[in-house]
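Peer 1: got a sequence here, can you build the structure:
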Amino acid sequence: MSTSGSALPHPMAPLRRPWPRSASLAAALCLAVVLGVHLGAVPIAASDWLQGPWQDHATTAGAHVLWQLRLPRIVLTLAVGAALGLAGTLCQALFRNPMAEPGLLGVTSGAAAAVALALTLFSSLHQALPPDARLWITPVVGFAGALAVCLTLQRLSRWLAPGSIAALLLCGLALQAMTFALVGLCSFMASDDQLRAINFWTLGSLAGATWTMALVMLVALGLLGLGARALAPQLNALALGEAAAAHVGIDVERLRRAAIAIVALLAALAVAWCGSIGFIGLMAPHLARQLVGADLRRVLPNAMLAGALLLLVADTLARTLAVPAEIPVGIFSALIGAPWFLVLLRGAVRRMGSA
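Peer 2: All right, here's what the predicted structure looks like:
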């Protein structure tokens with residue numbers, strides 16, 4: 001995959017009146033939240049809003065579903081979608097390639113491999129844990145697996161070709177293939193119950209969301225979002241090429257390490273909570289650039305809004321189309337994202353042919 005800067009528009013390309021478009025995106029997200037709250041197997045009445053999450057024993061089924069199930073799930077969905085959109089934007093800016101996304105670094109598959117190993121080899125230990133601890137063990141294991149892959153990726157890329165973004169990308173693809181093979185081996189060894197758990201997690205699900213999960217994700221997203229915003233001017237300069245960025249005084253290696261660290265943490269947190277969800281990090285940056293141009297100072301917040309919107313729409317479809325069953329949300333994100341990827345690929349081939 002090329003890392004040429006010609007694939008992305010210039011960050012300083014002028015675009016008139018971006019703010020009304022951002023407002024339209026925010027309005028669409030608000031509408032999706034309203035629909036997400038009210039769509040589902042259990043209807044929500046106006047009186048259900050008068051109760052709050054601090055009340056453990058809701059007086060109606062609707063109030064319990066609203067405050068203990070649906071709202072925390074929607075908040076977590078918004079935070080995870082925003083994190084994936086932000087991570088995808090940073091990936092595309094770092095690699096200077098419009099088809100880059102966090103999965104190329106092996107973060108998603110690393111988390112999946114760690115969870116598959118835990119479910120297959122340590123299932124008895126998992127069952128012996130208290131219910132509260134059992135709720136957190138899968139996210140913790142997934143986060144650890146994602147970070148382990150990121151650390152391995154950094155060491156491999158430094159060993160093979162220090163400072164090379166292309167080497168980083170190729171090492172990520174190799175690690176992704178290895179971890180996918182590990183998931184396949186675990187699936188082959190797993191029992192029927194373990195196999196269902198592995199498949200459901202690797203396809204992505206936001207079921208089981210809690211207020212604690214949502215708040216942890218929101219705090220992490222806020223801190224990492226501030227870090228990404230601080231890198232935006234330097235990443236804008238990197239769009240002109242590594243040599244040009246170094247010429248204006250940017251430490252490209254330090255910038256690369258900082259951006260990769262933020263991407264790794266964002267993707268690891270997102271995958272840890274909800275499993276593997278593809279293409280959100282690919283689609284959200286493109287939607288943002290179409291709305292507000294290529295300046296990352298504007299693209300980053302709009303990519304977060306776009307990622308939140310895309311994942312919320314996918315999750316609402318996942319939990320409402322087959323009531324009372326639930327379809328893995330990764331299926332819907334792939335159904336939307338795969339055609340999008342083909343359109344991007346066709347555009348890239350046309351640009352290469354006309355160059």
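
Peer 1: secondary structure element for the residue nearest to the spatial centre of the chain?
Peer 2: The central residue of the chain, meaning the one whose C-alpha is nearest the mean C-alpha position (Cα atoms, centre = their mean), is Leu84 at 2.5 Å. For Leu84, the enclosing helix or strand under DSSP states H and E is helix 71-95.

Peer 1: now for that helix, which elements pack on it?
Peer 2: Here helix 71-95 touches helix 19-38, helix 165-189, helix 211-238, helix 252-274, helix 280-292, helix 296-320, going by 3 or more Cβ pairs under 8 Å, 6 or more residues apart in numbering; DSSP states H and E. (Glycine included, C-beta is placed from N, CA and C.)

Peer 1: just to revisit the earlier point, Gly307 is in contact with the residue nearest to the centre of the chain, correct?
Peer 2: Yes - taking Cβ atoms under 8 Å as the contact criterion, Leu84 and Gly307 are neighbours in contact, 5.0 Å apart.

Peer 1: give me the common contacts of these two.
Peer 2: Taking Cβ atoms under 8 Å, 6 or more residues apart in numbering as the contact rule, Leu84 and Gly307 both touch Ile280, Gly281, Ala284.

Peer 1: ranking those by neighbours, who comes first?
Peer 2: Counting neighbours by other Cβ atoms under 10 Å, the top entry in these is Gly281, with 34 neighbours.

Peer 1: how far away is it from Gly204?
Peer 2: Between Gly281 and Gly204 the distance is 13 Å, computed by Cβ to Cβ, to the nearest Å.

Peer 1: and the angle from the helix or strand following the helix holding Leu84 to helix 71-95?
Peer 2: Once the chain leaves helix 71-95, the next helix or strand it forms, by DSSP H and E, is helix 107-121. What separates the directions of helix 107-121 and helix 71-95 is an angle of 130 degrees, with axes from the mean of the first three to the mean of the last three Cα atoms, to 10 degrees.

Peer 1: what residues are up against the residue nearest to the centre of the chain?
Peer 2: Residues near Leu84 by Cβ under 8 Å, 6+ apart: Pro102, Leu266, Ala267, Ala270, Ile277, Ile280, Gly281, Ala284, Gly307, Leu311.

Peer 1: right, and out of those residues, which lies closest to Leu39?
Peer 2: Comparing these against Leu39 with Cβ to Cβ places Leu311 closest, at 15.3 Å.

Peer 1: so where does Phe332 fall, helix or strand?
Peer 2: Under the assignment here (DSSP H and E), Phe332 is part of helix 329-354.

Peer 1: where does the prediction get shaky in the stretch 151-300 of the chain?
Peer 2: Regions of the stretch 151-300 of the chain meeting the criterion pLDDT under 70 cover residues 163-165.

Peer 1: re earlier: most surrounded residue in the contacts of Leu84?
Peer 2: Across the contacts of Leu84, the neighbour count under other Cβ under 10 Å reaches its highest value at Ala270, namely 37 neighbours.

Peer 1: re earlier: and the contacts of Leu84, which is closest to Thr152?
Peer 2: Closest to Thr152, out of all of the contacts of Leu84 and judged by Cβ to Cβ, is Ala267, at 14.7 Å.

Peer 1: need the shared contacts of Leu84 and Gly307 in JSON lines (columns: distance to Ala41).
Peer 2: Formatted as JSON lines, the entries for the shared contacts of Leu84 and Gly307 read as follows, by distance: Cβ to Cβ, whole Å:
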{"residue": "Ile280", "distance to Ala41": "25"}
{"residue": "Gly281", "distance to Ala41": "30"}
{"residue": "Ala284", "distance to Ala41": "29"}
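
Peer 1: tilt between the longest helix belonging to the chain and helix 252-274?
Peer 2: Determined from DSSP state H, the single longest helix within the chain is helix 131-160. With the same axes, to 10 degrees applied, the angle from helix 131-160 to helix 252-274 works out at 150 degrees.

Peer 1: which other helices and strands does helix 131-160 contact?
Peer 2: On a contact count with 3+ Cβ pairs under 8 Å, 6+ apart, helix 131-160 meets helix 107-121, helix 123-128, helix 165-189, helix 252-274.

Peer 1: nice, that's everything, thank you.
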